[in-house]
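Here is my input, please return the structure:
(one chain, ligands or ions: 2)
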Amino acid sequence: MHWAEARQTARDAVKPLESVELPLADALGMALASPVRALVALPGHDNSAMDGYAVAGPGPWTVAGAVRAGGAPHPSPLTPGTAVEIATGAPVPPGTRAVLPVEHAVHKGRRVAGTVPDGKHVRRRGEDCPEGRELLGTATTMTAAGLGAAAQAGHDTLLVHRRPRVAVVVTGDELETSGRPRPGRVRDAIGPMLPGLLRASGAEEHGLTRLADRPDGLTEALTESEADVVVVCGATSAGPADHLRGVLRALRAEVRVSGVACRPGHPQLLAVLLDGRCVVGLPGNPFAALAAGLTLLQPLLTTLGGHRVPSPLTARLTSPVTPHAEDTKLVAVTRSGATATPTGHDRPGSLWGAALADALAVLPPDWDGAEAELLPLPR
Ligand SMILES: Nc1nc2c(c(=O)[nH]1)N[C@H]1C(S)=C(S)[C@@H](COP(=O)(O)OP(=O)(O)OC[C@H]3O[C@@H](n4cnc5c(N)ncnc54)[C@H](O)[C@@H]3O)O[C@H]1N2
Ligand code: MOO
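Ligands and ions are numbered 1, 2, ... in the order given. Purely as a prediction, here's the structure:
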């Protein structure tokens, strides 16, 4: 299957998960399941944009008191020729014509003078956002600023799609999990890489299982997991130790993507189990696993989490790369403004190039050598 079609198939394979109501602080990075509206007008009252004097009528003005933000409002409307000392954010008394900033005020005993145009430095109730207006639409991913905006608008909790739970199964008789690998063995590089990829896709890890290259443990890992998605690493190919496809057949899973025309990441797969949960097979070659993680797993997880499809990012490559004759090539690059530079060192078995990079450039077989789409790498 073509690379772009495989990504779309992954997006379309699932629907957003159910919604949960969470305190603001817990909703960072999650997608809204319903819009955030302003529960109050913003700002909530006419107030001063400057520290200075709220003045009525033409100057000079007799100063008749002071108002502070959060303090008691001025007891009576201002009459022409009077002023009150006022702090930024404090409610302006009725009758206020403008606020004269303190640095523009000339003091003459109990009177102040200065020039200020009508309406200057007064923020009117509702001028930023009227009460009831939608601030953020459904599917917006909550950022730090988004949480602040929701708090300004009077919210304590948000209705968001729950995070997808992902069980990880790392297979391979040859894998070691610590230290320098002994002769003939290799360190597991995918186990340490996946949590960052899952977090960046709005998902959470729900258990990691290590399996030898045998089918029985794999069947249990797929059927007994309570995760929404099971990711199986390193059993996707056609070798005698690659059991994933056989196990999926035995479980009567519907294989939606069986191999993607991309390099690396060629033998990746996506299947849906009879109960609707998904299985993603990532190739064992570590850079191929990363490429597949961005091709099938990330779109699947962002749909489950209810997020919008991000607008594509593009850049011009600073050095020539020859596209593959038939497959989409994924190349590790570093971005700088509108350009991207290949890092090299990005053969399927090596994560060195990807570790130096901040994106993968997507080069289809018919790439014209101009702009390339970039997939940002998780940080
Ligand atoms: N006859 C064919 N052989 C292979 C094909 C093919 O189409 N026909 N495809 C090749 C490609 S492309 C890839 S990618 C790999 C995918 O293989 P598997 O997903 O079955 O993975 P393994 O065979 O178990 O391992 C491949 C390679 O990666 C190393 N590995 C595995 N897991 C990890 C890990 N967690 N951390 C680090 N390295 C890992 C493993 O030692 C092997 O060197 O198949 C090709 N063969
Ligand atoms: O496509 Mo494999 O995924 O080259 O390494």
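
any idea how far Glu85 is from Gly172?
73 Å (C-beta to C-beta, to the nearest Å). In this view, the C-beta of every residue, glycine as well, is placed from N, C-alpha and C.

and what of Ala13?
Per C-beta to C-beta, Ala13 is found 26 Å from Gly172.

residues from the stretch 201-350 of the chain in reach of ligand 1?
Contact residues (C-beta under 6 Å from any ligand atom) of the stretch 201-350 of the chain with ligand 1: 233-239, 242, 264, 266-267, 283-286, 288, 348.

Contact partners for the residue lying closest to Ala261 once chain neighbours are set aside?
In this structure, Ala261 finds its nearest non-sequential neighbour in Asp327, 4.5 Å apart by C-beta to C-beta, 6 or more residues apart in numbering. Contacts for Asp327 (C-beta atoms under 8 Å, 6 or more residues apart in numbering) come out as 3, 261-263, 266, 365.

and Gly284, what element?
Following DSSP states H and E, one finds Gly284 outside all helices and strands.

Share the number of residues neighbouring the residue nearest to it when sequence neighbours are not counted, please.
Distances taken as C-beta to C-beta, 6+ apart put Gly234 closest to Gly284, at 3.1 Å, once the chain neighbours are dropped. Close neighbours of Gly234, defined as other C-beta atoms under 10 Å, add up to 26.

one step back: so how do I select the buried members of the residues of the stretch 201-350 of the chain next to ligand 1 in PyMOL?
Entered in PyMOL, the line below selects the buried ones among these, by 16 or more other C-beta atoms under 10 Å:
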select buried, resi 233+234+235+236+237+242+264+266+267+283+284+285+286+288+348
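
Just the residues of the stretch 201-350 of the chain next to ligand 1: which are in strands?
When DSSP state E defines the strands, the subset of these inside them is Cys233.

Sitting in helices, which of the residues of the stretch 201-350 of the chain next to ligand 1 do you find?
Among these, the ones falling in helices (DSSP state H) are 286, 288.

filter the residues of the stretch 201-350 of the chain next to ligand 1 down to the ones close to ligand 2.
264, 266-267, 283, 285, 288, 348.

I'd guessed Pro94 sits against Thr79; true?
No. Counting by C-beta atoms under 8 Å, Pro94 does not reach Thr79; the two are 10.5 Å apart.

who's Lys108 bridged to?
Beta-bridge partners recorded for Lys108 (DSSP bridges): Arg111.

ok, residues contacting whichever strand or helix holds Thr9?
Here Thr9 sits within helix 3-12, counting by DSSP H and E. Outside helix 3-12, the residues that touch it by C-beta under 8 Å, 6+ apart are 1, 256-257, 260-262, 268, 270, 295-297, 299-300, 302-303, 309, 327-328, 362, 364.

which parts of it are buried?
Buried-residue list, helix 3-12, by 16+ other C-beta under 10 Å: 3-4, 6-7, 9-11.

could I get those residues as CSV with pLDDT and distance to ligand 2?
Listed next are the buried residues of helix 3-12 as CSV, based on pLDDT from 0 to 100; distance: C-beta to the nearest ligand atom, whole Å:
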residue, pLDDT, distance to ligand 2
Trp3, 98, 12
Ala4, 97, 17
Ala6, 98, 13
Arg7, 98, 16
Thr9, 98, 18
Ala10, 98, 17
Arg11, 98, 21
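
which among the residues you listed are in contact with ligand 1?
Counting by C-beta under 6 Å from any ligand atom, no member of those is near ligand 1.

Greatest separation within those residues: which pair is it?
Across the buried residues of helix 3-12, the longest distance by C-beta to C-beta is 13.2 Å; it joins Trp3 and Arg11.

Run through the strands of the stretch 201-350 of the chain in chain order.
204-211, 229-233, 254-258, 262-263, 269-272, 278-282, 313-317, 328-336, 339-342 (DSSP state E, counting those that start in this stretch).

Ala139 reaches Gly306, doesn't it?
Yes. Using C-beta under 8 Å, Ala139 is in contact with Gly306, at 5.8 Å.

For the nearest residue to Ala64 once chain neighbours are set aside, list each beta-bridge partner.
Spatially, and ignoring its direct neighbours in sequence, Ala64 is nearest to Thr82 (4.8 Å; C-beta to C-beta, 6+ apart). Bridge pairing for Thr82 (DSSP bridges) gives the partners Thr62.
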